[in-house]
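For reference, the sequence and a predicted model appear below.
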Amino acid sequence: QKEVEQNSGPLSVPEGAIASLNCTYSDRVSQSFFWYRQYSGKSPELIMSIYSNGDKEDGRFTAQLNKASQYVSLLIRDSQPSDSATYLCAVMKGGAGGADGLTFGKGTHLIIQP
Amino acid sequence: KAGVTQTPRYLIKTRGQQVTLSCSPISGHRSVSWYQQTPGQGLQFLFEYFSETQRNKGNFPGRFSGRQFSNSRSEMNVSTLELGDSALYLCASSRSPGGALYNSPLHFGNGTRLTVT
């Protein structure tokens, strides 16, 4: 079982709709969760971080975490063509060591159709 | 505030050569991590440095090494290059060690695209 799994897509969403991106992780000791956006040919850009169960909202973005189900999601409201990118889910285990760095999923390719 | 700066942006090397990549973190960030990104494997953790000490290392061969200087700048070295080392190498910085714990997320540079022929 892969440590962090995402549907590779492409996920096609009409402009103005809600895009829903999902991620599951296998290690129950994971404590920190991140969503990065990566445009083609560019470096990953941090969008959201979430550390406790529940929802966290920032503008059009909402991250949702359910540790019992080992599930993280990202909702993008009022999707815009500029949101078209690959979205990477990243997970880190707890503790000061962060022994393995961030573990990334392979990303979901999101396409917002005008 | 300037972001993470990586040099060079592009490199072409031949098998057997070695290469050194450079990374300057965001001002005030003392932790530097390196990642390799390939289409097949995605983003994989190489190692992390904090206060000139390697704290963690990913599952990569000893040909991959790094160091950090007193000004937090970091270099990564790959010796005896192989075709499979062709990848985008990303450096990321954060304020605290551990790289991504509470309120200390990683910020990535633009990367160095290495092509091995």
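The structure has been received and is ready for your questions. Numbering: from 1, shown residues only, chains lettered A, B, ... in the order given.

Count residues in the vicinity of residue 15, would you?
Picked chain A for this. Using other CB atoms under 10 Å in any protein chain shown as the criterion, A:Glu15 is surrounded by 13 other residues. C-beta here means a position set from N, CA and C on the backbone, and glycine is covered the same way.

try chain B instead
B:Arg15 has 11 nearby residues by other CB under 10 Å.

Let me know the secondary structure of B:Met84.
Slight slip there: residue B:84 is Gly, not Met. helix (DSSP: H, G, I helix; E, B strand; the rest coil).

Kindly apply the preceding question to B:Gly40 instead.
B:Gly40 ends up coil, using three-state DSSP.

Report the contact partners of it.
Contacts for B:Gly40 (CB atoms under 8 Å, 6 or more residues apart in numbering or on different chains) come out as none.

where does it fall, phi/psi-wise?
Here is the backbone geometry of B:Gly40 (degrees, to the nearest 10): phi -80, psi -40.

what's the distance between it and A:Ala19?
26 Å (CB to CB, to the nearest Å).

Likewise for A:Phe34?
17 Å.

One more: B:Asn77?
40 Å.

same thing with B:Leu46?
Here the criterion is CB to CB. By it, B:Leu46 lies 31 Å from A:Ala19.

same question, A:Ala85
Taken as CB to CB, the span from A:Ala85 to A:Ala19 is 11 Å.

Which neighbours do the two have in common?
With CB under 8 Å, 6+ apart, A:Ala85 and A:Ala19 have common neighbours A:Leu110.

Give me the more crowded residue out of the two.
A:Ala19 (24 against 21).

OK, contacts around the more buried one?
Contacts of A:Ala19 by CB under 8 Å, 6+ apart are A:Leu11, A:Val13, A:Leu75, A:Ile76, A:Ser79, A:Asp83, A:Leu110, A:Ile112.

what do you get for A:Leu88?
By CB under 8 Å, 6+ apart, the neighbours of A:Leu88 are A:Gln6, A:Trp35, A:Tyr36, A:Arg37, A:Gln38, A:Pro44, A:Phe104, A:Gly105, A:Lys106, A:Gly107, B:Gly42, B:Leu43.

chain center to the helix or strand it falls within: distance?
If you go by DSSP states H and E, A:Leu88 is part of strand A:85-93. Counting by CA atoms, centre = their mean, to the nearest Å, strand A:85-93 is centred 5 Å from the centre of its parent chain.

Repeat that for stretch A:27-43.
For stretch A:27-43 - counting by CA atoms, centre = their mean - the centre lies 6 Å from the chain centre.

where are the low-confidence patches of chain B?
Within chain B, the set of residues satisfying pLDDT under 70 comprises B:1, B:98-103.

Nearest residue to the middle of it?
B:Trp34 (2.7 Å; CA atoms, centre = their mean).

which SS class is the closest residue to it other than its chain neighbours?
Using CB to CB, 6 or more residues apart in numbering or on different chains and skipping residues adjacent in sequence, the residue nearest B:Trp34 is B:Leu46, 4.1 Å away. Classification of B:Leu46 by three-state DSSP places it in strand.

wait, B:Leu46 sits on B:Cys23?
No. Counting by CB atoms under 8 Å, B:Leu46 stays clear of B:Cys23, with 11.4 Å between them.
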